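# Coordinates only, no sequence provided:
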DNA sequence: GATCTATATTCCTTAAAAGGTATATAGATT
DNA sequence: AATCTATATACCTTTTAAGGAATATAGATC
């Protein structure tokens, strides 16, 4: 039952924040650290958790590991991501993350770069 | 963060099925047993779990404990219940539950009776 | 090839959940 | 009052998760 796997991924705040931020586009671990302000281990482990359940995909770019939502998303995942966006619209924690994310990579457009290499 | 609590409730198949069936209206434990075909302990415990997190409300009716979705539902809960309905629309397990539920209490209308007392 | 950087993994501890068996409880019925 | 019914709770076992500290790894750079 794939649906339960999705909910398992959603039942931790850190993972919720990761996914929420990822909706805006791919990001590397160091940027996640800056956006969530959480220790590297924590972020890496939760990303591994998401990855093991196919909620995210990874691609290496030099030293950086760039995480992204899967290119092809199941109906269930798509629906739940939309629902998450809806539920977090007025949530300070999630909105703060988004604000930090925008500040961090204002120039970020391409789908396969996290912008780390172009940021000092 | 109430949102995480909701997802915690959703990350188990049995609880998903309970909630999914509850969308159709209140139900008592013995009917849940008949619909889900799961042992009483299991159902009772998951209902207690949902209750502890305010995802369901209970009311006693004689010997029967009638469970229902909360009268006032948060935006988050409402959104996720809708999303769940959407995600299970074509899922055999959930649809089978619904079918059994319909068969079981075809005459069930009122909001505060599970129909147990009127069923042989 | 040594070192640096970004990230992953291992090990540990603690806590929480799931499922089952057996038992308790509360109200109804006799 | 004794018993029956529907449901809850306690207890036990096994599994899973979370967080942190320390360490490993892979690729880049000097």
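The structure has been received and is ready for your questions. Quick caveat, the model's predicted, so the values are computed rather than measured.

# Give the buried residues for stretch A:36-53.
When burial is assessed from 16 or more other Cβ atoms under 10 Å in any protein chain shown, stretch A:36-53 yields the following buried residues: A:36, A:38, A:43, A:46, A:47, A:49, A:50. Heads up, the C-betas are built off the backbone N, CA and C, glycines and all.

# Are that stretch and chain B in contact anywhere?
No. With Cβ under 8 Å from any Cβ of the partner chain as the threshold, stretch A:36-53 lies outside contact range of chain B, at a closest distance of 11.4 Å.

# Run through who's touching that stretch.
The contact list for stretch A:36-53, computed with Cβ atoms under 8 Å, 6 or more residues apart in numbering or on different chains, reads A:5-6, A:8-9, A:12, A:14-15, A:17-19, A:21, A:29, A:32-33, A:56-58, A:67, A:97.

# how about the residues of chain A near DNA strand C?
Within chain A, the positions near DNA strand C by Cβ under 7 Å from any atom of the strand are A:28-30, A:33, A:40-41, A:44-45, A:47-48, A:58, A:63-65, A:114, A:116.

# switch the cut-off to 10 Å
Contacts of chain A with DNA strand C, taken as Cβ under 10 Å from any atom of the strand, map to A:4, A:8, A:11, A:27-34, A:39-49, A:51-52, A:56, A:58, A:60-67, A:114, A:116-117, A:119.

# residues touching residue A:71, list them.
With contact set as Cβ under 8 Å, 6+ apart, residue A:71 has these partners: residue A:57.

# One more: residue A:24?
With contacts defined as Cβ under 8 Å, 6+ apart, residue A:24 is in contact with A:98, A:101.

# Over to residue A:34?
Applying Cβ under 8 Å, 6+ apart, we find residue A:34 in contact with A:100, A:104.

# how about 6 Å then?
Going by Cβ atoms under 6 Å, 6 or more residues apart in numbering or on different chains, residue A:34 touches residue A:104.
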